[in-house]
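Enquirer: 3D, please:
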Amino acid sequence: MRHALEERWVRDAVTETPIAVIAAGKASEGMVRGLLETPGVRIARGIAVGPGASTTGPGPITWYAAGHPVPNSGSIDAGRAALRCAAQTGPSERLLVLLSGGASALMAAPVAGLTLAEKIEATRLLLRSGVPIHELNCVRKHLSNVKGGRVALAARGPMLTLAISDVVSPLEDDPSVIGSGPTVPDRTTYAEALEVVTRPTIGGRMPAAVFDVLERGCAGMLDETFKSGDARVEATDYRVIGNRRQAMEGALTAAQGLGYAVALVDTPVTGEARLTGPRHVERLLGLCHRLQHEREGAACAVSSGETTVTLTGGGRGGRNQEMALAAVSLLKDHAGAVFASVGTDGVDGPTDAAGAVVDTTTMARASRAGLAAPSRYLATNDSYRFFDPLGDLIKTGPSGTNVGDLQIVLTDGTEGQTS
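Expert: Predicted structure coming up:
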């Protein structure tokens with residue numbers, strides 16, 4: 001079933017019965033179902049938000065559908081509801097927060113003086129500029145009444161957060177980055193957020209209200225985010241119950257079941273997709289060829305992480321499609337090799353694809369189809385329009401979870417390169 005993993009992770013982690021629940025992120029539906037199926041759990045109230053979530057979801061939960069990757073009015077409604085839910089939790093009650101990737105956009109509440117449209121524009125500019133996720137979250141925390149531990153500040157009783165992580169850098173599974181850390185202390189400051197938005201590539205287009213909020217924060221006119229010295233830290237507990245490692249283990253197990261010799265790259269894959277793609281595929285190919293020297297037969301190498309894309313054109317695509325496109329020229333010279341990059345959430349950028357697959361034949365098939373060289377599509381971030389005519393897009397639909405991206409190379413045992 002689509003949410004089986006999330007349900008099991010929550011059932012295995014919950015040992016006490018909470019009476020109030022906040023669920024936010026792409027895996028919220030599966031996590032809530034897992035909670036409801038845990039024996040002895042009785043929920044008095046709660047809210048949940050996901051992309052396209054039904055308002056008639058399971059259990060005594062009020063469901064909100066919200067926008068991702070850009071927040072919308074549903075995000076505002078969900079953010080305000082989460083703050084109310086937290087504030088209603090008394091000292092003798094327990095608040096359970098079920099958190100997963102995507103929560104930053106899905107649960108929003110702009111600070112006073114900032115409109116939803118201005119916050120959306122700020123988020124859009126940062127996304128288009130390709131800033132790392134931790135910098136994006138730094139800014140979002142300081143424009144929000146939810147992020148940066150502000151849900152914890154609103155709560156009046158003990159709180160447990162169970163998180164499914166899509167964070168790979170700069171610190172893997174960093175609680176302050178997952179969902180922009182609504183329940184944990186925040187190390188960033190207004191000054192750091194202001195530094196991000198005033199960079200030459202961003203500042204000239206940022207709404208004036210964003211500068212006003214961050215400057216007032218720097219001047220001490222606004223409260224900072226939740227900090228580690230706050231006494232309320234003692235009332236919070238946080239556990240990461242799922243991450244990219246489970247996705248890699250699942251891929252390796254499936255490959256072994258099909259008879260492949262397997263290898264794993266433990267270090268998360270990061271960096272600009274078009275630059276990282278060829279180098280990383282070369283590394284995975286090397287692992288596969290090493291396996292083939294040790295034993296005859298097919299090999300599989302798996303990695304995971306999250307790259308970035310700096311937009312230079314107006315095309316369609318996502319980081320997984322762009323990483324695959326950057327590897328097309330490399331793969332044409334490797335007989336019997338296939339590379340795929342796919343988002344575990346089933347959504348790669350603003351497209352209906354989760355990623356793309358390339359092999360030895362991709363370049364020749366593209367030429368026969370009358371497509372331009374891959375470099376032309378890379379120049380305009382138009383990877384979707386390269387892969388779509390070839391039937392090489394991977395379309396799974398939303399998976400209901402998010403633990404980053406998977407990269408896989410398969411080789412059939414053919415040695416060396418094509419002539």
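Enquirer: Only C-alpha atoms from now on, for both contacts and neighbour counts.
Expert: OK.
Enquirer: gap between the two ends of stretch 140-149?
Expert: From its first residue to its last, stretch 140-149 covers 12 Å (C-alpha to C-alpha, to the nearest Å).
Enquirer: So which residues make contact with it?
Expert: Residues outside stretch 140-149 that contact it (C-alpha atoms under 8 Å, 6 or more residues apart in numbering) are 79, 83, 104, 107-111, 114, 119, 123, 151, 176, 179-186, 189-190, 193, 210, 213-214, 224-227.
Enquirer: Now the lengthiest helix in the chain - C-alpha only, PDB.
Expert: For the chain, the longest helix by residue count, based on DSSP state H, is helix 273-294. C-alpha atoms of helix 273-294 as PDB (Å, rounded to 0.1, in the frame of the first residue of the first chain):
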ATOM      1  CA  ALA A 273      22.500  18.800 -10.600                       C
ATOM      2  CA  ARG A 274      24.000  19.400 -14.000                       C
ATOM      3  CA  LEU A 275      27.500  19.400 -12.600                       C
ATOM      4  CA  THR A 276      27.100  16.600 -10.100                       C
ATOM      5  CA  GLY A 277      25.300  14.300 -12.600                       C
ATOM      6  CA  PRO A 278      28.200  13.200 -14.800                       C
ATOM      7  CA  ARG A 279      30.700  12.900 -12.000                       C
ATOM      8  CA  HIS A 280      28.400  10.900  -9.800                       C
ATOM      9  CA  VAL A 281      27.300   8.600 -12.500                       C
ATOM     10  CA  GLU A 282      31.000   7.900 -13.300                       C
ATOM     11  CA  ARG A 283      31.400   7.000  -9.600                       C
ATOM     12  CA  LEU A 284      28.400   4.600  -9.600                       C
ATOM     13  CA  LEU A 285      29.600   3.000 -12.900                       C
ATOM     14  CA  GLY A 286      33.000   2.400 -11.300                       C
ATOM     15  CA  LEU A 287      31.400   0.600  -8.300                       C
ATOM     16  CA  CYS A 288      29.400  -1.600 -10.700                       C
ATOM     17  CA  HIS A 289      32.500  -2.500 -12.800                       C
ATOM     18  CA  ARG A 290      34.400  -3.300  -9.600                       C
ATOM     19  CA  LEU A 291      31.600  -5.700  -8.600                       C
ATOM     20  CA  GLN A 292      31.800  -7.300 -12.000                       C
ATOM     21  CA  HIS A 293      35.500  -7.900 -11.600                       C
ATOM     22  CA  GLU A 294      34.700  -9.700  -8.300                       C
END
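Enquirer: Figure out how far that helix is from the centre of its chain.
Expert: Remark: helix 273-294 is offset 24 Å from the chain centroid, using C-alpha atoms, centre = their mean, to the nearest Å.
Enquirer: what does stretch 142-162 give?
Expert: 20 Å.
Enquirer: Same question for stretch 104-121.
Expert: Counting by C-alpha atoms, centre = their mean, stretch 104-121 comes out at 19 Å from the chain centroid.
Enquirer: repeat for stretch 232-245
Expert: On C-alpha atoms, centre = their mean, the centre of stretch 232-245 falls 17 Å from that of its chain.
Enquirer: got the buried residues for it?
Expert: R232, V233, T236, V240, I241, G242, N243, R244, R245 (16 or more other C-alpha atoms under 10 Å).
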